[in-house]
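1. Predicted coordinates and the sequence they were generated for:
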Amino acid sequence: MPHKDGFTKFTLKPQPPYDFAANADFVTHYKGSEGGDTYDGETLRRAIDLGDRVATIAINSAGSAAKPVLEVSISGRSTSTEIDTARWQVERIVGTRGTPQPFYDLIGDMPELSVLEENFHGLHLTQATSLFETITWAVLGQQISANVAASLRRKITENYGRVGEIDGQSYALFPRPEDLVQANIEDLRALGLSQRKAEYTLGLRDEFGSGRITESRLEALDDAEVEAELLKLRGIGPWTAHWLLLRGLGREDALPVGDVALQKTLGELVRGEAFSPQELVDYAEQFRPYRSYLTIYLFALIRARRVARDDQKG
């Protein structure tokens with residue numbers, strides 16, 4: 001509901017257990033800032049697209065892990081449609097849907113995996129705000145370091161993203177397919193993309209821009225059907241398809257088998273050395289239909305350890 005201070009506020013009640021800090025830390029890659037998200041230990045902030053305007057949102061916890069409540073504030077006075085749009089996006093960003101409890105029940109008697117729940121209790125399946133952003137970001141990140149991928153994302157956002165000004169400060173959003181309509185291979189190459197990644201990005205722009213690929217269409221398909229559709233696209237392999245199932249659609253049983261860091265981390269936890277791709281598949285079988293939680297908790301561990309190593313070096 002609107003308030004006199006120029007903000008519009010609403011609350012969300014995720015399914016427990018839910019820890020806001022665990023989810024905000026994951027969203028910002030344990031660095032306090034990632035892409036358009038910033039987290040200062042209390043408030044998660046970012047710009048969002050409300051259709052006719054760009055607004056900022058601020059998210060805070062007003063509850064506990066057992067009884068979670070989130071307070072959300074939108075800059076400016078918002079219509080009921082804008083509030084619904086913001087609510088839908090926030091639910092994705094901070095993972096208010098679903099619950100990791102079934103995953104906890106599965107790992108309860110597995111001391112080798114106790115580090116996951118101990119360190120990230122209350123982490124849910126967070127998502128990007130759009131499928132196009134999720135899949136484009138995944139393609140940009142293929143076979144390069146996380147820092148280089150983040151740099152490419154920032155350059156594309158700065159050059160093509162929709163910009164809004166709020167209280168004198170400019171905010172850019174990751175571009176929509178229509179924002180890239182004038183972009184060509186040479187333009188993207190100038191930003192640092194390889195020839196193939198530039199081609200893949202523009203191909204995805206055309207697929208999403210034409211409406212052939214839409215969230216509503218993919219939502220109606222089961223996981224195997226979604227994967228089959230995505231594998232028809234240039235630049236999309238099994239890893240990217242499973243990452244989109246998890247981060248784009250919030251499916252609970254995605255497993256990016258080909259991820260080397262995933263194989264290494266899980267294998268070292270279980271037996272002290274990396275798994276092969278098939279060993280990863282075999283071991284993860286016991287977590288069906290909640291393999292997405294195994295995936296996201298392992299990525300949380302990977303990201304947190306990476307930041308800790310960088311801090312020690314710095």
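-> Received the coordinates, thanks. These numbers come from a predicted model, not from an experiment.
2. Give me the below-cutoff pLDDT ranges for this protein.
-> Low-confidence regions of the chain, defined here as pLDDT under 70, cover residues 1-5, 166-167, 314.
3. Spell out the residue ranges of the strands in it.
-> Across the chain, reading from the start of the chain, the strands by DSSP state E fall at 7-12, 33-34, 37-39, 44-49, 54-61, 70-75, 163-166, 169-172.
4. What residues are bridge-paired with Glu165?
-> The residues paired with Glu165 through beta bridges, assigned by DSSP bridges, are Ser170.
5. My read is that it contacts Tyr171, right?
-> Yes. Look at Glu165 against Tyr171 with Cβ atoms under 8 Å: they come within range, at 7.5 Å. Quick note: C-beta positions are derived from backbone N, CA and C, even for glycine.
6. Please say which of those two ends up with more neighbours.
-> Neighbour count, other Cβ atoms under 10 Å: between Glu165 and Tyr171, Tyr171 has more, with 19 against 9.
7. Grab the nearest non-local neighbour of the more buried one.
-> Sequence neighbours aside, Ala47 is the residue nearest to Tyr171 in space, at 3.6 Å (criterion: Cβ to Cβ, 6 or more residues apart in numbering).
8. Next up, the contacts around the one you found.
-> Gly36, Val54, Ala55, Thr56, Ile57, Gly164, Ile166, Tyr171, Ala172, Leu173 (Cβ atoms under 8 Å, 6 or more residues apart in numbering).
9. Swap in 10 Å and give it another go.
-> Contacts for Ala47 (Cβ atoms under 10 Å, 6 or more residues apart in numbering) come out as 36-37, 54-57, 75, 161-164, 166, 169-174.
10. related to what we said a few turns ago, of the strands of the chain, which stretch is the most buried?
-> Among those, strand 44-49 has the highest mean neighbour count (mean count of other Cβ atoms under 10 Å), at a mean of 22.
11. quick one, that strand and strand 70-75 angle?
-> 50 degrees (axes from the mean of the first three to the mean of the last three Cα atoms, to 10 degrees).
12. what about the residue nearest to Ile296 when sequence neighbours are not counted, neighbour count?
-> Counting by Cβ to Cβ, 6+ apart, the nearest residue to Ile296 once its immediate chain neighbours are dropped is Leu125, at 5.9 Å. As a burial measure, the neighbour count of Leu125 was computed by other Cβ under 10 Å and equals 25.
13. Give me the phi and psi angles of Leu125.
-> Main-chain dihedrals, Leu125, degrees, to the nearest 10: phi -90, psi 100.
14. ok, it to Leu202 distance?
-> Counting by Cβ to Cβ, to the nearest Å, the gap from Leu125 to Leu202 is 29 Å.
15. Over to Gly36?
-> As it turns out, when the distance is counted by Cβ to Cβ, Gly36 lies 23 Å from Leu202.
16. got it, and Trp243?
-> As judged by Cβ to Cβ, Trp243 and Leu202 stand 20 Å apart.
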